[in-house]
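**Q** Structure, please.
(chains A and B)
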Amino acid sequence: MKKQINRLEHDARLNRRKSIRFWFDNRVYEGYEGDTLASALLANGVHLVGRSFKYHRPRGIYTAGSEEPNALVQLEEKAYTEPNRRATEVEIYEGLIAHSQNCWPSCRLDFGIVNSWFSRILPAGFYYKTFMWPASFWMTYEKYIRKAAGLGRSPTEPDPHFYDKTHAHCDVLVIGGGPAGIQAAIASGQTGCRVILADEKSEFGGMLLSENILINGIPCHEWIESRIAKLKAMSNVVLLNRTTVTGYYDYNFLVANQRVSEHLGPRISVNSPKERLWKIRAKQVVMATGAIERPLVFADNDRPGIMLAGAIRTYINRYSTLPGKNCVVLTNNDSAYHAALDIADEDGQVSIIDIRTSPSGAMVDSAVSRGIRILANSTITGVGYSRGQLRYLEVMELSENGLEVVGKKQKLPCDLVGISGGWNPTIHLFSQSRGKLRFDETHHCFLADQPSQNNPVILAGSCQATWFSKECMEEGHAAGCKAARRAGFNADQEFDGVKTGQLEYSPQRPLWVLPTSHPIGQGKTRHFHELHNDATIGDIHLAVREGYESVEHLKRYTTTGMGTDQGKTSNLNALTALSEIRNLSVPDLGVTTFRPPYTPLTMGSIVGHDCGELFVQKRKTPMHPWHDQAHAVYEDVGDWKRPRYFSLGNETMHAAVQRECRQVRQTGGLLDASTLGKIDLQGKDTRWLLNMLYTNAWDKLEIGRCRYGLMLNEHGMIFDDGVTTRIGENHYHMTTTTGGAARVMNWIEEWLQTEWPNLEVYATSVTEQWAVASLSGPKAAEVLRELTDIPLDEESFPFMSMRNGQVADIPARVFRISFTGELSYEINVPARYGLALWEQLMETGRKFDICPYGTESMHVLRAEKGFIIVGQDTDGTVTPMDLGMDWIVSRKKQDFLGKRSFDRTDTSRPGRKQLVGLLTEDPEFVLPEGAHVVSELKSSPPMDMLGHITSSYRSPNAGRSIAMALLKDGFNRKGQTLNVPIMNGTSQRVTVTDPVFLTGND
Amino acid sequence: MLLIKCPWCGYRDQSEFSAQGEAHIERPENPHDLDEEQWGDYLFFRKNPKGVHYERWVHVHGCRRWFNVIRNTATDHIHATYRPGDPIPALSDEETDQPA
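**A** Below you'll find the model as predicted:
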């Protein structure tokens, strides 16, 4: 194992007593507890960690945070593997395995680099231009493009982890745990209000963790610890580290992703949730999200060893790592001088290349006093890189306007470059909350302007371009107080104040794209403004030349900002370059909207527990345990599990259904009908309501009698059907289809609440209160007679009536209604007796040779009799008349829902699609449901389509196949012979008939 | 996600509610007195403004009551909620003019 050659003396935020071994690209390395994969690799002198997306250029670690565009790795293996993880965020644990991506056979020797040699023919928009024509070839191209696209690999095995979700409410949510956020949380926490403080890093402290300043005379890291201890002591404050607020939605609804146990390693964390998705409704939100450093763009600026100046500070002060010996800082502003000073503090060699013409001020003075060499008015024009290491820089002087280089080229030995083009406030969440942004000419960045009406967020710290810790803390305190006050708490504490060293910055030079010895976009070097997707300044020139001038076009044409980093480091440089090419100001170009998530979310986190068994709820009837034992095969009807058929031995579905159907008509069968929707209706106006809801008349229905009804919407189209029974003077029991139960309940409530609030009707869903066994067949009465005291003779219990009584010693409502056409009793008992009732009926029924049957047989049996199923034989465009059910539409009633629409031109026109029966020429051929019916067969579509098949079965009782169809002008086609083309290229001749295939009985 | 004040239950998450389109459309007393166009208007035509919209919502996973909401469709700002039959709350000129 190699020594950690870049490790410094001091501990920083690491636990130096606990060393950790991990594997990267099959080599073992050592780091310490507290390291990220990036800091540990850098400590070991590893700069080259991957290959770029398009040109397969060698790439290194560019940042120290979630903005990382380059160092994306494949974490872990097999089921645990995750692609595109940012090495700058992955905390190392014992045994961690990571691989570089987008390279083959290895990162050091990658054959994909040929793309780079051919880069002249792989410009922006290459795919659009090349694979456009002919369109039919796309299918061929796509296969190969897909293979070349994408970075990491998705796991192919199920995720062994589980993920959690939680809802939270708070008075004040503080986003970002840097100096401003910590202070805001303390200020609001002190008022007693409920506070959540969330930060994406493993530790609170933000940029202070990357510094080594003194606050009130103590090192800033110690100061953070004391502040966090103070927050931990407040029981009303929830501290969420490793938690990224990824989305900001209306009315202060925010989504945050907490990485709960990932840092412990996948094998340990299997027993606790890997991640937890927080859905937070906050009364007030304080955004203290900080800023992201802006890169400078120069020739071959993508080489490993080149990183943001602030990242170098983080690696030194937080991770005790100086990732180079011979360092250069390239900057257009003062903030990067801190990096140079920190490097000098660690006895590293460092010089500063300052592109400003004559830099001066306090920062420059302190660099000079430390003996740091400053090359003013200069820039890097070339980079020497070989075998995973930066070797030297080429440096030249800038011309007066900064657009060209002049003078002599000098070579500077160098293995680490820190770059800084200033800082961009992290206003992504503010933009997501629909806050308006403005471009600030002093700081050369977008700033929050007007918060949106629904999300009056308060900002504090460097997310509003306040750069120094002291001022950030003061703003944080003020923001925390303001938020608490707005949430209704008394917040009048003075800020106790902090003392830090005084800082002052001189202005930056507004120049980010730096020239080289040849015009940008020509020659061998490239200016990458967007590292993630390999987009260059040359690509922007090309896009503008080809007319893709608007930001939105540019973005799509060059793929700028479309990587998994969403352009956190690249967007503004792309905008600036575009503004210079088009000679417009940045605000005139506009900015694309930031959208959630701020950083990528895993599918696991979004799904949470809603997968596998818990993906969707399962509704089971009280008889379910019996069905299980009887080898029922289930069908999903809504959320219900209904037995589709009961398989005897090795019976196929077809055999089982044929047997069940025959037996029901020969002896009898028992169906679990508990899932039917049931609504209890009471009140003196119920009859009036029924007259409005159904097409037929309800005035003369006597107590104890049942009636079938069709329910229409106002368009006159059928949307549900069922039997309603009058239980008492003002008491009715309505049944609906299984799938329509909730819809009908909503429908009734809507009319009662919004249109007819003066009616006295109480509607209550009782679907789950009643278990229903439907006993059907010639022997139904004989079976039931053995179990009940209710007289069953025709006179005392006629068809379409209901009787109360005892069945199997259980209080029951028995309805003599039929969906099979056979003598049937629907026996309703309180749900808790459902299983007992079923068992008794089956026990007694065995003597009479009755069988249990499922929904598939129910479908066949009803179709034999020509009974419709709403939703199968109707589709929301079908009127009662289209079904030939004119008999159920009252002529006398003044009004009912849907009646007026019968007179609409389209509803009343002749030749509408109408329900008919179809008999195939080959009596054993079962037509596929959904197949089209045509009058004339042609060799290929289009054909004149008359309609489609809605129901189709093999009927054992008719001894042949039967089908129902909706056909244009169907009633007038009875007797005609038509054709049904089948998907396999054959066709069937069919004869149009009445949709009734068996007659007789109930 | 919107935060909606149910006139019976108070503030609840949008996920408890279901939006039900334009409010204050009365069912005609005698539908058969309406000509084709008038009935067609009642059946099919709904306002779709960019700005202030009067709409119906139902607290479907809560008290199951219907009520009215005044919402700006452009900003998603909810100006008021009120029970069916209650007088329509007045908006200030500023609110009514709101964008867009």
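**Q** which element is the residue nearest in space to the middle of chain B on?
**A** The centroid of chain B falls nearest to residue B:55 when counting by C-alpha atoms, centre = their mean (1.2 Å). According to DSSP states H and E, residue B:55 maps onto strand B:52-58.
**Q** near chain B, which residues of the stretch 851-1000 of chain A show up?
**A** With C-beta under 8 Å from any C-beta of the partner chain as the criterion, the stretch 851-1000 of chain A meets chain B at residues A:894-895, A:899-901, A:903-905. Where C-beta positions appear, they are placed from N, C-alpha and C, glycine not excepted.
**Q** can you rerun that using 7 Å?
**A** A:895, A:899-900, A:904-905 (C-beta under 7 Å from any C-beta of the partner chain).
**Q** Kindly write the ChimeraX command that selects the buried subset of those residues.
**A** Command for ChimeraX, covering only those of these found buried under the criterion 16 or more other C-beta atoms under 10 Å in any protein chain shown:
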select /A:899,900
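**Q** I'd like to check which residues are in contact with residue A:263.
**A** Residue A:263 makes contacts with A:91, A:93, A:202, as judged by C-beta atoms under 7 Å, 6 or more residues apart in numbering or on different chains.
**Q** Now flag whichever of these is closest to chain B.
**A** residue A:202 (29.2 Å; C-beta to the nearest C-beta).
**Q** Would you agree the closest one is in contact with residue A:91?
**A** Yes - the pair residue A:202 / residue A:91 is scored as a contact, 5.8 Å apart, by C-beta atoms under 7 Å.
**Q** okay, the two: which has more neighbours?
**A** residue A:91 (22 against 15; other C-beta atoms under 10 Å in any protein chain shown).
**Q** contacting residues around that one?
**A** A:36, A:202, A:263.
**Q** mind putting the contacts of residue A:263 in a markdown table, distance to residue A:794 and secondary structure included?
**A** Shown next, in a markdown table, are the contacts of residue A:263 (distance: C-beta to C-beta, whole Å; DSSP: H, G, I helix; E, B strand; the rest coil):
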| residue | distance to residue A:794 | secondary structure |
| --- | --- | --- |
| A:91 | 80 | strand |
| A:93 | 79 | coil |
| A:202 | 81 | coil |
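**Q** Nearest to residue A:519 among these?
**A** Set against residue A:519, the nearest of these by C-beta to C-beta is residue A:91 (44.3 Å).
**Q** so how far is residue A:15 from the closest one?
**A** 12 Å (C-beta to C-beta, to the nearest Å).
**Q** now do residue A:54
**A** Taken as C-beta to C-beta, the span from residue A:54 to residue A:15 is 40 Å.
**Q** Next up, phi/psi of residue A:724, please.
**A** phi -120, psi 140 (degrees, to the nearest 10).
**Q** so who does it touch?
**A** By C-beta under 7 Å, 6+ apart, the residues touching residue A:724 are A:690, A:707, A:709, A:732-734.
**Q** same deal with residue A:162?
**A** Residues near residue A:162 by C-beta under 7 Å, 6+ apart: residue A:273.
**Q** With residue A:892 instead?
**A** Taking C-beta under 7 Å, 6+ apart, we find residue A:892 in contact with residue A:697.
**Q** Pull up the per-residue confidence for it.
**A** pLDDT, residue A:892: 93.
**Q** On the three-state scheme, it is what?
**A** Classification of residue A:892 by DSSP: H, G, I helix; E, B strand; the rest coil places it in coil.
**Q** Could you measure from it over to residue A:437?
**A** From residue A:892 across to residue A:437, the span is 66 Å (C-beta to C-beta).
**Q** How about stretch A:589-607 and chain B, touching?
**A** No - residues of stretch A:589-607 are not located near chain B by C-beta under 7 Å from any C-beta, the shortest gap being 12.1 Å.
**Q** Compute the first-to-last residue distance for that stretch.
**A** End-to-end span of stretch A:589-607 (C-alpha to C-alpha, to the nearest Å): 38 Å.
**Q** same check, this time on stretch A:899-914
**A** Length of stretch A:899-914, first residue to last, C-alpha to C-alpha: 19 Å.
**Q** which parts of that stretch are buried?
**A** Within stretch A:899-914, the residues that count as buried by 16+ other C-beta under 10 Å are A:899-901, A:907, A:912-914.
**Q** same question, stretch A:781-793
**A** Under the neighbour-count criterion of 16+ other C-beta under 10 Å, stretch A:781-793 has A:781-784, A:787-788, A:790, A:792 buried.
**Q** Please apply the same query to stretch B:72-86.
**A** By neighbour count, with 16+ other C-beta under 10 Å as the criterion, the buried positions of stretch B:72-86 are B:72, B:75-82, B:84.
**Q** tell me the two of those that are most distant?
**A** Largest separation among those by C-beta to C-beta: B:75 and B:84, giving 24.9 Å.
**Q** and residue 81, what does it touch?
**A** You didn't pick a chain, so chain A it is. Shown in contact with residue A:81 (C-beta under 7 Å, 6+ apart): A:74-75, A:155.
**Q** Chain B, not that one
**A** Residues near residue B:81 by C-beta under 7 Å, 6+ apart: B:4-5, B:7, B:67-69.
**Q** Intersect the residues you listed with the contacts of chain A.
**A** Counting by C-beta under 7 Å from any C-beta, the subset of the contacts of residue B:81 that neighbours chain A is empty.
**Q** Now intersect those with the strands, please.
**A** If you go by DSSP state E, those have B:4-5, B:67-69 in strands.
**Q** filter the residues you listed to the buried ones?
**A** Neighbour-count burial (16+ other C-beta under 10 Å) applied to the ones in strands among the contacts of residue B:81 gives B:4, B:67-69.
**Q** pLDDT below threshold where in the stretch 151-300 of chain A?
**A** Applying pLDDT under 70 to the stretch 151-300 of chain A picks out residues A:269.
**Q** How about the residues of it by chain B?
**A** Counting by C-beta under 7 Å from any C-beta, the positions of the stretch 151-300 of chain A adjacent to chain B are A:249-251, A:253, A:281.
**Q** try 10 Å
**A** Neighbours of chain B within the stretch 151-300 of chain A, by C-beta under 10 Å from any C-beta of the partner chain: A:167, A:249-255, A:279, A:281.
**Q** State the distance from residue A:510 to residue A:441.
**A** 9 Å.
**Q** Strands along chain B, start to end?
**A** B:3-6, B:10-13, B:18-22, B:52-58, B:66-72, B:78-82.
**Q** Format those strands as a markdown table; extra columns: mean pLDDT.
**A** Below are the strands of chain B laid out as a markdown table (pLDDT from 0 to 100):
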| stretch | mean pLDDT |
| --- | --- |
| strand B:3-6 | 98 |
| strand B:10-13 | 96 |
| strand B:18-22 | 97 |
| strand B:52-58 | 97 |
| strand B:66-72 | 97 |
| strand B:78-82 | 97 |
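**Q** could you redo the ones you listed as JSON lines and give each row distance to residue A:5?
**A** Below are the strands of chain B laid out as JSON lines (distance: least, C-beta to C-beta, whole Å):
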{"stretch": "strand B:3-6", "distance to residue A:5": "55"}
{"stretch": "strand B:10-13", "distance to residue A:5": "54"}
{"stretch": "strand B:18-22", "distance to residue A:5": "62"}
{"stretch": "strand B:52-58", "distance to residue A:5": "65"}
{"stretch": "strand B:66-72", "distance to residue A:5": "61"}
{"stretch": "strand B:78-82", "distance to residue A:5": "61"}
